[in-house]
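Undergrad: Please find the sequence and the predicted model below.
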Amino acid sequence: MMRVAMTGPTGDFGTLLLPRLREDGRVGHILTLGTRGASGPRVVHHRVDLTRYDVESELVDLLREANVEVLYHLAFLHGRTRSAGFAHEVEVIGTLHVLAAAARAGVKKLVVPSYTLVYGARPENPALLQEEAPLHGSGASRFVSDRVEVEKQLTAFGKAHPEVEVTVFRFAPVLGPTADNPATRYFRRPLAPTLLGFDPLWQAIHEEDACAALLHVLDRPSAGVFNVVSADVLPLSAMVALAGSRALPLPAPLARAILRGLNAAGITATPASLLDYLHYACIADGTRCREVLGFVPRHSAREALQALRT
């Protein structure tokens with residue numbers, strides 16, 4: 001009976017994973033940590049603010065008291081936020097506190113989600129990006145740049161603390177009926193801006209498969225970084241159509257200014273900072289996840305997009 005902890009229990013990943021952990025016969029105790037949450041069967045919640053300067057000692061005490069073996073760090077802001085500074089504090093500074101506490105408390109395994117978007121969409125990208133590829137990210141996007149910074153922290157932590165097994169999942173854009181992130185908001189709009197003359201390839205992963213990957217590594221060796229992507233790769237135009245939206249082609253030289261105007265008018269919510277991904281492909285290779293972890297997503301990208309309509 002494993003003892004598991006989770007930060008961010010009310011976020012996108014937390015709300016999917018927590019019920020499954022609660023029902024899993026391998027799990028005897030679940031500790032949730034965050035500003036929101038509720039206790040229940042086999043679950044004990046502690047209100048914790050990861051941005052507080054002295055939170056590390058509190059985390060250490062809670063993790064030690066619960067004798068936590070596996071820690072899922074899921075406290076990331078995928079939804080809308082008015083303050084990029086606050087999001088940075090939660091994700092980047094909060095991760096520093098969590099990592100330090102995990103090492104001091106003797107946690108054996110740490111699992112953290114990321115996104116294939118950290119590779120960046122660039123014209124020189126290879127056809128398939130493997131996990132060793134540099135993380136160019138998107139400097140204009142807080143959503144992407146914070147995750148690049150978190151991954152750098154995780155790399156340094158893994159080298160400094162080899163006794164902790166660190167697993168990082170780089171998910172393709174996560175789509176599904178409950179997911180709320182820049183990709184779902186893009187595809188759910190009646191009009192999805194695209195760049196005139198460009199139709200880059202995209203990937204996706206169904207939210208159920210993302211949750212299944214997190215659960216899959218609960219009790220098996222999984223140290224390292226793994227791309228988690230569905231088998232099919234589709235042109236952006238096809239993905240827009242499958243989601244039930246309509247493409248709105250914009251001239252590339254003016255796209256940033258036009259998007260600002262459309263956003264202000266409430267016509268679209270596509271961040272101008274993500275224009276690179278409407279321009280160039282960012283396709284990740286999922287071979288390592290299949291061959292090393294034995295995890296294969298059940299849903300196709302098509303099914304993930306169609307799930308947005310429900």
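TA: Cool, the structure landed.
Undergrad: which helices and strands sit right next to the longest helix anywhere in the chain?
TA: In the chain, assigned by DSSP state H, the helix with the most residues is helix 142-160. Packed against helix 142-160 by the contact rule (3 or more C-beta pairs under 8 Å, 6 or more residues apart in numbering; DSSP states H and E) you find helix 84-88, helix 94-105, strand 109-115, strand 165-171. To be clear about C-beta, it is placed using only N, CA and C from the backbone, and glycine gets the same treatment.
Undergrad: which residues of the stretch 1-150 of the chain score low on pLDDT?
TA: 78-84 (pLDDT under 70).
Undergrad: Can you pull up the most central residue in this protein?
TA: In the chain, the centroid-proximal residue (C-alpha atoms, centre = their mean) is residue 114; its distance is 4.1 Å.
Undergrad: For the closest residue to that one other than its chain neighbours, list each beta-bridge partner.
TA: Counting by C-beta to C-beta, 6 or more residues apart in numbering, the nearest residue to residue 114 once its immediate chain neighbours are dropped is residue 170, at 4.8 Å. On the basis of DSSP bridges, residue 170 is bridged to residue 114, residue 227.
Undergrad: Which parts of the stretch 151-300 of the chain are strands?
TA: 165-171, 174-175, 191-195, 201-202, 205-206, 224-228, 234-235, 246-250 (DSSP state E, counting those that start in this stretch).
Undergrad: For those strands, give me CSV that also has mean pLDDT and distance to residue 131.
TA: Converted to CSV, the strands of the stretch 151-300 of the chain look like this (pLDDT from 0 to 100; distance: least, C-beta to C-beta, whole Å):
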stretch, mean pLDDT, distance to residue 131
strand 165-171, 98, 7
strand 174-175, 97, 18
strand 191-195, 93, 28
strand 201-202, 97, 19
strand 205-206, 98, 16
strand 224-228, 98, 4
strand 234-235, 98, 22
strand 246-250, 94, 32
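Undergrad: what about those strands, which gets the closest to residue 62?
TA: Nearest to residue 62 among those is strand 165-171; the distance by C-beta to C-beta comes to 20.1 Å.
Undergrad: quick one, the closest one and helix 142-160 angle?
TA: Between strand 165-171 and helix 142-160, the angle comes out at 160 degrees (axes from the mean of the first three to the mean of the last three C-alpha atoms, to 10 degrees).
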